[in-house]
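S.K.: From the sequence below, what's the structure:
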Amino acid sequence: LRENAASHADCLESFSGSCRGRDNLTALEAKTHTVHLALNHVRTDFPKEKWDVLAETVVGLRKPRQQSEEHSDDNESDNDGMAQGQHEYDDKEEDKPMDLDRYVFCCKKLSRCARLLEFQETQLDESAGVETVWGGKLP
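M.R.: Numbering: from 1, shown residues only. The predicted structure is shown next:
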């Protein structure tokens, strides 16, 4: 997975081309450019919605939803917020600045996440009668 991540040079080129002389990008700009870069490095046919969720999570625009106290005992095993539907888009983070180091980290992480998800879905598709992780039930 590390070998298939976006190269450092490609990340630098993407950042400098996106910044147009500025020192930082906004998180929303970074999301757009990290997806573009990842699409050039990872050949998958993910739908746009899946790329959005991956990029928003990596860049920091999607945060774990805070559980209310009245529902906190409903599912103790999901307290880490990682269960499906437990993350929500945080539009207050869109204008948060992202520097070069963070951008490179996000580009590489998004590429690795996409490769891992692609691998996982391929493995599940090869199993008889199993639907993909994003589309339904696990065995």
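S.K.: who touches stretch 105-118?
M.R.: By CB atoms under 8 Å, 6 or more residues apart in numbering, the list of residues contacting stretch 105-118 from outside reads 1-2, 4-6, 8, 10-11, 14, 30, 34-35, 37-38, 41-42, 44, 46, 50-51, 54-55, 58-59, 98, 133. C-beta coordinates here come from the backbone N, C-alpha and C atoms, glycine included.
S.K.: tell me which residues in that stretch are buried?
M.R.: Within stretch 105-118, the residues that count as buried by 16 or more other CB atoms under 10 Å are 106-115, 117-118.
S.K.: Please apply the same query to stretch 7-17.
M.R.: Buried-residue list, stretch 7-17, by 16+ other CB under 10 Å: 10-11, 14-15.
S.K.: Please apply the same query to stretch 97-104.
M.R.: Of the residues in stretch 97-104, 98, 102-104 count as buried by neighbour count, 16+ other CB under 10 Å.
S.K.: And those residues, which is closest to Thr122?
M.R.: Taking CB to CB as the measure, Thr122 sits nearest to Val104 out of the buried residues of stretch 97-104, at 27.4 Å.
S.K.: So the closest one belongs to a helix, correct?
M.R.: Yes: counting by DSSP: H, G, I helix; E, B strand; the rest coil, Val104 is part of a helix.
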